Structure formats: C-alpha cells, structure tokens
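**Q** below is the structure, and that's it, no one-letter string:
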C-alpha cells in the first residue's frame, strides 16, 4: 500500500534477467520438445538410444561422483582440523583455502598439465627413483579430469564445512568426552551428524559443479569428452544446435534433480529437525 | 589435545600441499630462462614476463576483459543495488520466487547459459559479440552483486532512514546521504567479487568469440592448446597477484564470514 | 485550542484494524503520553503523527490545516527513536547538523545552533566523536538534540528510554521533562512504562486495542480509572462484578451474590454508571477472626490460600465466597496458609469502573 515505489526498484533487474536469461533458457528447453509435427520427445529418445551419448553422460556422472567422494574424504578431516584452530591461525588457513577458489580455473587446470603431463613433475620424479620405466599416461584421461576437479572444488567443501563446524560448540564435544566417548566416537557420533547440513550443501556444490565444469575437462580431458565439452563441441564445432539444446536441457534437468534430492535429504537428516 | 591431533594436522598439511603446490610449481616455472616449460627451471630469467607484452592477442583480450567486466559490473550495480534494497525493505508473497530469479544465473550451468546466450542473444536478438559479452557478463554478475549487497543491508538499521526523513530529507536524498554511505564497503566488496567472477569466466565467454573479440581467459585457453611455453605461467603469477589483492580487500571489507556462509 | 487533531483515523494492516475511528487532540506546549501494552496501537499513532504511516481513513489536522497527505520530510516534526537511529557514518556534530543543512542554514548558523543544542543536552565537547564511541544515554541525548535543533513543531518520542538501564532511565526522563518545559515544545511520548509516563506527562492516554480508554492527567488516572482495563493496567488487581448498584444520597450500595457493600460517593464517581468494583491489593484489610476491631460492614469471611514473600511485604491470595482477592500486607502482620480470616473492603478505597 505505502511502499509501492519499492516494487518498481525490482523491475529493471527482473526485466533484464527475463529478456536476457529466462527467455533464452526457456526457448532452449522448449525447442527440444518440438519437431516438424509439433510436440515430440523424439530427440530425447534418439539421444538415449545412442551409446556414444549415453557413455559420455555416464562418464560425466562417474567423474562427478568420484570427485565428490574424494572432496569429502579429503575435505572433511581438514575442515575439522581448521575449525578447531585458534582464531588467527584459522583465518590464515581459510584465506589459504579461499585463494585457489578465486584463482582462474584456467590457471589451476594449466598447473596440473605441468604436473601430470608426459614430461611433468610426477613422471620425472617417478622415473628418476626408478619406480616406473616409462612415463605414465595420466593427462588426457578421466583420472586427470578427476584430479583437476578435486583441486577445483576441494576449497569449496572445506570452506562450507568450516562454516558449519565452527557452530558446533566446543562444550558439546567436551561433554561427549566427559561422558566417556572416545575421540573417534565423538567424531562419528557428534561431529559428523552435526555437520550433515554443511556436508550436503558442500556435496551438492561439488557434484553439480563437477557435472557442469567446462575448463578443467577441456584442458585435462584431451579427447575424453564429458557432457559440458560435448555440448560445446556440438554448439560450436559441429553446429548441431538441436543436439546441443537437448544436452543443455539434460544438464539443467540433472542439476535441478540433484539439488532437489539433496535438499530433501538435508531436511530429513538435519538433526535440528 | 594438541598432541593427539598430530595425525590430523599432518593430513591437513598434505591437503594444503595438494591445493597450493600446483600454484607454487607454475609460479616457479614462470622464471624459466630456456624455451621449454619445465620444473624445476634450468636457468632463471624474467623473459617470459616480458613476452606477455609482446603477444598482441593477450593485450587486446586483456583490454576486452577489463572493459566487459567493468562495464558489466556497472550495469549490474545499476540493476542490482535498487533490487537488493527493495528486497531487504519489503515482505510480500512470492518474494522467495523473486529471490530465486535473481540467484538463478548461478544455478544454471554456465556452459548451458553460454549456449543459450549464443543461440538467442547473438542469434535471435542479433546483438554484436561485444554487446552480447557485456550482457552475458552482467547476467552472471548480478546474483553476486545482489547477494553481497543484501547481506550488507541485512545489518543496516532502517530506522536511520526514517530519522533522515523526519529531519527533512527526501526518499532519494535519504538513499544517497544515509543508506549509500553505510553500505559502501558492501558495495565495494560486491564489485570486487563480481569482477573476479566475470574476469575469470570461461563458460560463457567461450561461446562469444568473433573476429578480434575474445576475453582474456579464452585467449589463455587458446594459447595453452597451441603452445606449451612459460608465458602462461608468467600470466598465472600476475593473475594470482590480482586475486590475492582482491581477496584481502574483500576480507577487509566484509570479513571472512562472506566466504564461509552458504 | 488544539495544536493538532487526529480525526476518525483508521489504520489496518493485513485486514486487521490497528486503529479504528481514533480521535485525539493535543494542545500546544503539552507533553502527552500514550501508554499501553504492546500491540495497543500507541506506536502506530505516533508513526501516523510523524507521517511514516498513512491512515486508511480519517484526517490529521495541524494548526487547522489538513496535514493528512503531507510527507514526513515536509512536516518539521522531530522524532526520537527507541534505538536512537544515529547516523553511524557521521560525527555527532554532523548528525545534529543533518536537518539544518537540509534547511539551507548558513555555516555560521549551523555552528551556533549545534553548539547551543549540545549545551542544552549537556554534551558539549562531544561534537567530534562518532556514535559508536558514545554510551546509550549519550546517544539518546544526541538523538534528542538532533530532533530539537530543527526547532520542530512537535517532538515525538518512541519508547526512548527502553534500551537504557534503570538508573539512567530515571535521570533521562527528568532531563526530557526539563528540556520540554524549558522550550515549551509540544510533545507526544510513547511508552509501556507506567511510572515513566506518569512522572513526566501533562496528560496520559491509556490505550488498548487501538482505542484510548482514558485520557486525563496522571493523578486522576491513578486515583480514578474509568475502565476495567485502565484499572488493571495501573495496579487495581481485584475486581468485583456487582449484580446491582443503587445510588442513594452520599452513598452507593452494591451487592454481589447476596453480599452487600457500601461505598462513599465522591464527586468524580457520582456520574459514573460502572458496576465493576476495583481495588488495589494494598488497600484491602485483613483482620483476624474474632478481632475486636472487625466491623460487619463491607466484610467477607475468607481463608488464606497462598502466601508469597515479597521482601518488604507479603502477598496473600484470599479465598472468599465471591471470589479470590490479592492482598498485600506489611511484614508485621503475617498470616498462615489456610488461616480463616476476615477481609474488609474500606468504603472509600474502591472505585467503580466500566
């Protein structure tokens, strides 16, 4: 009634996003359901019949899953350690975590080319100590993509988990110990359950991020296609816009699906109800 | 307690070695004196830093990136500041939907967003590549601008607006004399975060290259695909300096909590 | 003559009436308090006067001019906020000068007026500091100075002392009254603290559910509440809903469930038709059974149900045939729980309310 002018302030931004994002996205999705005869899901049927496409989708999902698991396994203990540090040390560690997060993904992927390439650091070290006889082919494989993605998203999960773990009160941990819980028991019975919301959010971010990441697989994957590089290839190199739109729609659908499943899970698992 | 955590501490150290080691290694390779990128370098020199300035495509792309990121930032501010302000002032049914619309550019996969931009903004709307880059980057910066400024406004005591009005200030006058000065650090942080997001963006810019138009990260990608010399290492070091500077500024302005909150 | 008038004002929010057909007139130079529990509409009334809020219906007249649609920034009313609402990015000097600059005062004028008002609120020497460096009481003085310096036609206070500690509250309310009287400025003061309102006001309006239940000077309200709500709000904790009331000569005869009572009639209550008797816990008398001084009139036999130690006194809940009564008694007279006693209602201590 009295603050009508405030709604006007939302308008320019909404209009801009509608014209330049929402309409293009909906048109992209919409065209995949239309062929010469009107509504059709033929495009999707063809897509899922083609083993090459399905293989790429499955590889991408597998890579994302491995990346997420590795990020949790590496990130969870590290985050716990950081969250227990004193204020100053914690701040420094967090800055060191955030720094790679803000660094260009091109730089970060490139650094792994230097390390795991045929003449890279890893191969040189392994050859010189005689552990291997000829250089390992790590670069341009799914493994390389996973390494690059873990490097890309590990900071994200650490930062998210530290944010949650900071709020677990030290008194609570002491109380658990005083009740006779071993440190491992404290970790598994108190720390892990209370970190679940952060873990779920972090996992969503990592999984969705890995599923849709472009730069890292483009640089480290070589000929190994994942869904994002496949989309780009179809859009630019092959000019297959219909295929590209279908891939784009599948990516949106998977993203939405994962976010909603994980959100539902988070609500169920949240110890605070 | 300290004693018992030694194992965990060692583990964390290794995790950070994994995170920061690669960045350290390319920094070292940037000082290579020879022609081939390797670690450790054979002899030390700064010649590859000098080389950056001899590669025409980097200079042009750097200018493009700066223009697109700064221009997009300005437009995103003009659209985002009023929106963030309004969102923090009113409650209405469907506000969560509006909020969702404003953050949606983060939720849609970048590589998909870029494709939609290419197909409709460049294709259907017939915008020139440069303009499309500008529009696209504004879209992806908007959520960051709105999020950071909203969080800055959430600590803002709106009764001081009423105080200013009761003393005779108009609505617009109140915004500029009272609201803006009190959220200026939030705005500065928002600008920096959005700038980094835009400047480092690959997923959208990769679709928007044309004759003589391309952003800096895309030129880096192209260069890496064709040459494997320490120029990129040298560029990486420069970019890391910029990143570090921005990070410390944001930390100063907003505190670490900006990064840990989800 | 009234300086300003609220005429048949209605304010609704989410289809719920906060004020309904609300009327209020305030005279020039007076300090009027709006007192009531939270949600009674007192702050809404104040914000309406300030112009922060628009009424759905009704008029706001200021000096007989229609001010209903005049925006806040054109009203020249000073507003003092509960949380002070100082501008954190401005020094104390600039905070106070804010309104003067908008009024295009010259630099010398601003300097003079700010210094003058700082002296009034006893904050000389603080002009270069920033709000964060001040204590709560000092902040509130700055807020008052900022509102005063524009020479407002009306000064509005929204629970200005509720964020301060108890001692400071007493000092500040004396200050506010002193400043208000020195400058003769018309003031509306909102609070939920009865003592605070009574101690500084010329008139107090007790509000309930968007309606003024009673508007009088503090002493009158204290002695002669007109409605049950007002009586309850200012500490009449015992109520008797009488069946019958008969006014005869200098007395009023009342009855409840066969028990009869007599009250001395007093000028103010003469015209009052209320049938609810209200009496404070301090004003009831307890007598031991068989006490020689016990009178038959206005007495009930009762039993001590609960006894609570209050420090300086005891509080009893006494059970009688017409309901429970709360009685406060000095330490010297104490009664056991379960003790049978006589409860007397003095004939000049009860008031009748609607």
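**A** Yes, it's here. Note that the structure is predicted; figures quoted are calculated from it, not measured.
**Q** near chain B, anything from stretch C:133-153?
**A** Yes - legend: contact between stretch C:133-153 and chain B by C-beta under 8 Å from any C-beta of the partner chain is shown at C:143, C:146, C:147, C:150. Every residue, glycine included, has its C-beta placed from N, CA and C.
**Q** out of the residues you listed, who has the most neighbours?
**A** Using other C-beta atoms under 10 Å in any protein chain shown as the neighbour criterion, residue C:146 leads the residues of stretch C:133-153 next to chain B with 29 neighbours.
**Q** what is the three-state secondary structure of it?
**A** Here residue C:146 is recorded as helix under DSSP: H, G, I helix; E, B strand; the rest coil.
**Q** now it: closest residue in space that isn't a chain neighbour?
**A** The shortest distance from residue C:146 to any residue other than its chain neighbours is 4.9 Å, reached at residue C:96 (C-beta to C-beta, 6 or more residues apart in numbering or on different chains).
**Q** OK, contacts around the closest residue to residue C:177 other than its chain neighbours?
**A** Spatial nearest neighbour of residue C:177, chain neighbours left out: residue C:200 (4.3 Å); criterion: C-beta to C-beta, 6+ apart. By C-beta atoms under 8 Å, 6 or more residues apart in numbering or on different chains, the contact list for residue C:200 reads C:31, C:33, C:173, C:174, C:176, C:177, C:180, C:189.
**Q** on that earlier part again, distance of the residue nearest to residue C:146 from residue B:173?
**A** Residue C:96 sits 18 Å away from residue B:173, going by C-beta to C-beta, to the nearest Å.
**Q** one more: residue A:199?
**A** If you go by C-beta to C-beta, the gap between residue A:199 and residue B:173 works out to 48 Å.
**Q** got it, and residue B:228?
**A** In terms of C-beta to C-beta, residue B:228 sits 59 Å off from residue B:173.
**Q** higher neighbour count, these two?
**A** residue B:228 (17 against 14).
**Q** ok, of the residues of stretch C:133-153 next to chain B, which one's closest to residue C:24?
**A** residue C:147 (20.7 Å; C-beta to C-beta).
**Q** where along chain A do the helices fall?
**A** For chain A, helices defined by DSSP state H occupy the ranges A:4-17, A:23-31, A:42-49, A:51-83, A:87-102, A:105-116, A:121-128, A:142-165, A:170-178, A:183-186, A:192-212, A:215-220, A:227-232, A:241-269.
**Q** my bad, should have said the stretch 101-250 of chain B
**A** B:110-116, B:129-153, B:159-166, B:171-174, B:180-199, B:216-226, B:231-254 (DSSP state H, counting those that start in this stretch).
**Q** now the second one, how far from the centre of its chain.
**A** When distances are taken as C-alpha atoms, centre = their mean, to the nearest Å, helix B:129-153 is centred 10 Å away from the chain's centroid.
**Q** so is it next to chain A?
**A** Yes - for helix B:129-153, a contact with chain A is found by C-beta under 8 Å from any C-beta, at B:135, B:136, B:138, B:139, B:142, B:146.
**Q** nearest to residue A:234 among the residues you listed?
**A** Nearest member of these to residue A:234, counting by C-beta to C-beta, is residue B:136, at 19.4 Å.
**Q** in contact with that closest one, which residues?
**A** A:20, B:113, B:114, B:117, B:121, B:204, B:205, B:208.
**Q** and the gap between the closest residue to residue B:221 other than its chain neighbours and residue B:205?
**A** Of all residues not flanking residue B:221 in the chain, residue A:106 sits nearest, at 5.9 Å (C-beta to C-beta, 6+ apart). Taking C-beta to C-beta as the measure, residue A:106 falls 11 Å from residue B:205.
**Q** give me the more crowded residue out of these two.
**A** residue B:205 (29 against 26).
**Q** just confirm that one contacts residue B:215, I think it does.
**A** Yes - Residue B:205 lies in contact with residue B:215 (C-beta atoms under 8 Å); the separation is 4.1 Å.
**Q** now the residue in chain C positioned nearest to chain B: which helix or strand?
**A** Relative to chain B, the nearest point of chain C is residue C:99 (3.5 Å; C-beta to the nearest C-beta). Residue C:99 belongs to helix C:92-102 when assigned by DSSP states H and E.
**Q** how about residue C:304?
**A** Using DSSP H and E, residue C:304 falls in strand C:299-309.
**Q** sheet partners, orientation included, of that strand?
**A** strand C:313-320 (antiparallel), strand C:340-344 (antiparallel) (DSSP bridges).
**Q** pull the longest helix from chain C.
**A** helix C:166-183.
**Q** same for that one, what does it pack against?
**A** Identification of packing neighbours for helix C:166-183 by 3 or more C-beta pairs under 8 Å, 6 or more residues apart in numbering or on different chains; DSSP states H and E yields helix C:136-148, helix C:194-200.
**Q** low-scoring pLDDT stretches of chain C, where are they?
**A** C:267-272, C:291-295 (pLDDT under 70).
**Q** write out the residues of it neighbouring chain A.
**A** Counting by C-beta under 8 Å from any C-beta, chain C sits next to chain A at C:53, C:54.
**Q** wait, residue B:206 touches residue B:220, no?
**A** No - here residue B:206 does not reach residue B:220: they are 11.3 Å apart, not a contact under C-beta under 8 Å.
**Q** which residues does stretch A:184-201 contact?
**A** By C-beta under 8 Å, 6+ apart, stretch A:184-201 touches A:72, A:76, A:80, A:160-161, A:163-165, A:168, A:172-173, A:176-177, A:181, A:262, A:265-266, A:269-271, B:262.
**Q** need the distance between the two termini of that stretch.
**A** 24 Å (C-alpha to C-alpha, to the nearest Å).
**Q** and if you look at stretch C:327-347?
**A** 16 Å.
**Q** can you list contacts of it?
**A** Applying C-beta under 8 Å, 6+ apart, the contact partners of stretch C:327-347 are C:261-264, C:277, C:279, C:281-289, C:291, C:294-295, C:297-307, C:310, C:312-318, C:320, C:325.
**Q** buried residues of it, list them for me.
**A** C:327, C:328, C:329, C:335, C:339, C:341, C:342, C:343, C:344, C:345 (16 or more other C-beta atoms under 10 Å in any protein chain shown).
**Q** centre of the chain to that stretch, how far?
**A** That offset, for stretch C:327-347, works out to 31 Å (C-alpha atoms, centre = their mean).
**Q** for stretch B:28-35, same thing?
**A** Distance, centroid of stretch B:28-35 to centroid of chain: 29 Å (C-alpha atoms, centre = their mean).
**Q** repeat for stretch B:248-257
**A** On C-alpha atoms, centre = their mean, the centre of stretch B:248-257 falls 15 Å from the chain's centre.
**Q** hmm, it in reach of chain A?
**A** Yes - on the criterion C-beta under 8 Å from any C-beta, stretch B:248-257 is in touch with chain A at B:248, B:251, B:256.
**Q** and those as JSON lines, adding distance to residue A:26, pLDDT and neighbour count?
**A** Listed next are those as JSON lines, based on distance: C-beta to C-beta, whole Å; pLDDT from 0 to 100; neighbours: other C-beta atoms under 10 Å in any protein chain shown:
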{"residue": "B:248", "distance to residue A:26": "41", "pLDDT": "89", "neighbour count": "12"}
{"residue": "B:251", "distance to residue A:26": "39", "pLDDT": "86", "neighbour count": "18"}
{"residue": "B:256", "distance to residue A:26": "38", "pLDDT": "71", "neighbour count": "17"}
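**Q** where along the stretch 201-350 of chain C do the strands fall?
**A** Under the criterion DSSP state E, counting those that start in this stretch, strands of the stretch 201-350 of chain C are mapped to C:203-208, C:211-216, C:238-241, C:244-248, C:251-256, C:259-264, C:276-279, C:285-288, C:299-309, C:313-320, C:323-330, C:340-344.
**Q** single out the most deeply packed of those strands.
**A** strand C:203-208 (a mean of 24; mean count of other C-beta atoms under 10 Å in any protein chain shown).
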